[in-house]
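Novice: sequence first, predicted model second:
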Amino acid sequence: MKRTQSESLFQEAQQYIPGGVNSPVRAFKAVGGNPLFISKAKGPRITDADGNEFIDYVSSWGPLIFGHAHPKIVDAVSRQAQLGTSFGAPTELEIELAQKVVDAVPSIETVRLVSSGTEATLSALRLARGVTGRDKIVKFEGCYHGHGDSLLVKAGSGVLSLGLPDCPGIVSDLAKNTLTLPYNDAKGVKELFAKMGNEIACLIVEPIGGNMGVVPPQPGFLELLRKVTAEAGSLLIFDEVITGFRVSYGGAQKLYGVSPDLTCLGKIIGGGLPVGAYGGRKEIMDHIAPVGAVYQAGTLSGNPLAVTAGIEMLNLLSQPGVYEDLDKKSERLCNGYKANVDKLGVTATFTRVGSMFSMFFTDQEIISFDSVKTSDTELFKRYFNAMLEEGVYIAPSQFEAGFMSAVHTNDDIDQTIAAQSRALQKALG
Ligand SMILES: *Cc1c(COP(=O)(O)O)cnc(C)c1O
């Protein structure tokens, strides 16, 4: 595979951009080698600067559930661009997207649009602290909630893949108010809330772990979180930046039937443009300015291009059968992977919820950050590079989810399975 163009772009990028990338997970640090520079993409396929084409399961890290450059989204965004790209004043479009989100997500009565998932989570946190008058927050090891100061403690893939133990630059007085527990640790949760529940403003959780690879909640875990937070007068925040509109039209809360107090969204609801959102019961959300005193603002919040893309995305997703189809395709791919793995005698454990899935090179049951860390990352490195050579683009880290899109065909999937078999053989040497 020719990579000369990507190599020279990466050299040039490093002169002007720290590490040559605008988000560290793009840097291929965990898998060796240099990142591919992407020049275009269509449907399930991306093309790099050297003209190599790949079947893509990164999906821009989750948003592109209808593939790249979907004609409906492209048309709508182009039309809106002609009408203006930003006004700094309210638009009817924002009502339409907000209404769709409120209708879809069980626990959301009102919603504030922002421009990234990070902004959504840090705003939700401020709101929870403002409403409860408490400082402490609880999060789980391996869950990533954006790069906000309070949340960048034991924060999953990006930090893990780079082997950064702790992030310098975070005020220790702030970090000490972030309490962490292992994911799925019901006993730990009960003990912590018994001890200091009345000091805890909120508990934030990915209802399906997605930033240490896919780690599903064990039966009863989300229900327990609901119960202990309610008893302690703490808010339960579901960070559904990945799972929202990914695992069902109403997100993980709809799938599992557990309602948080606040929900953070991002990724899919922007249709591939920068959007985030947080929402919940009106009585809580009304603490935000301009109604309440908790301040949060954004020059480009509710940006007309991004909101238009989001509306079109939700229109596509609300068609009948979309989620069943995504589930079937993802099952087909994972079954194919599993057959390859079994045939070659590779040790691997699979996790999947709908169209988000992982294959970990370990024999451990996947329930927490500690269990995913038992994976053979050296084997993953060779596997990742062999997959690239075979024309399949997966996330450059063992600790990331794979994402199926609605535009991957069975043919694309079968090609991927065949490519994976060859890649595994190469990786095994
Ligand atoms: C991606 C992600 C975020 C951060 O969103 P950005 O748009 O990258 O700021 C927050 N929470 C979860 C669960 C995510 O996957």
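Specialist: That came in fine, so what should we check first?
Novice: Ile108: neighbouring residues, count only.
Specialist: Here the number of neighbours of Ile108 (other C-beta atoms under 10 Å) works out to 28. Heads up, the C-betas are built off the backbone N, CA and C, glycines and all.
Novice: actually Thr377, not the one I wrote
Specialist: Number of residues near Thr377 (other C-beta under 10 Å) recorded here: 17.
Novice: quick one: residues contacting the residue nearest to it when sequence neighbours are not counted.
Specialist: In space, and not counting its chain neighbours, Thr377 is closest to Gln398: 5.2 Å by C-beta to C-beta, 6 or more residues apart in numbering. With contacts defined as C-beta atoms under 8 Å, 6 or more residues apart in numbering, Gln398 is in contact with Ala30, Ser161, Gly213, Phe360, Phe361, Val372, Ser375, Thr377, Phe380.
Novice: who does the helix or strand Asn315 falls within touch, helix- and strand-wise?
Specialist: Secondary structure from DSSP states H and E places Asn315 in helix 304-317. If you count contacts as 3 or more C-beta pairs under 8 Å, 6 or more residues apart in numbering; DSSP states H and E, helix 304-317 packs onto helix 71-83, helix 92-104.
Novice: what packs against the first one?
Specialist: Packing partners of helix 71-83 (3+ C-beta pairs under 8 Å, 6+ apart): helix 304-317.
Novice: taking the centroid of this structure, which residue is nearest it?
Specialist: Centroid-nearest residue in the chain: Ile242, 3.4 Å away (criterion: C-alpha atoms, centre = their mean).
Novice: tell me the secondary structure at that residue.
Specialist: Under DSSP: H, G, I helix; E, B strand; the rest coil, the three-state class of Ile242 is coil.
Novice: can you tell me the closest non-neighbouring residue to it?
Specialist: In space, and not counting its chain neighbours, Ile242 is closest to Gly210: 4.1 Å by C-beta to C-beta, 6+ apart.
Novice: what residues does the stretch 251-400 of the chain have near the ligand?
Specialist: Within the stretch 251-400 of the chain, the positions lying close to the ligand (C-beta under 6 Å from any ligand atom) are Gly266, Gly276.
Novice: residue in the stretch 251-400 of the chain nearest to the ligand?
Specialist: Among the residues of the stretch 251-400 of the chain, Gly266 lies closest to the ligand, at 4.6 Å counting by C-beta to the nearest ligand atom.
Novice: pull the contacting residues for that residue.
Specialist: Contact analysis of Gly266 by C-beta under 8 Å, 6+ apart lists Ser116, Gly117, Ala120, Val241, Gly244, Val275, Gly276, Ala277.
Novice: just among those, which is most surrounded?
Specialist: Ala120 (33 neighbours).
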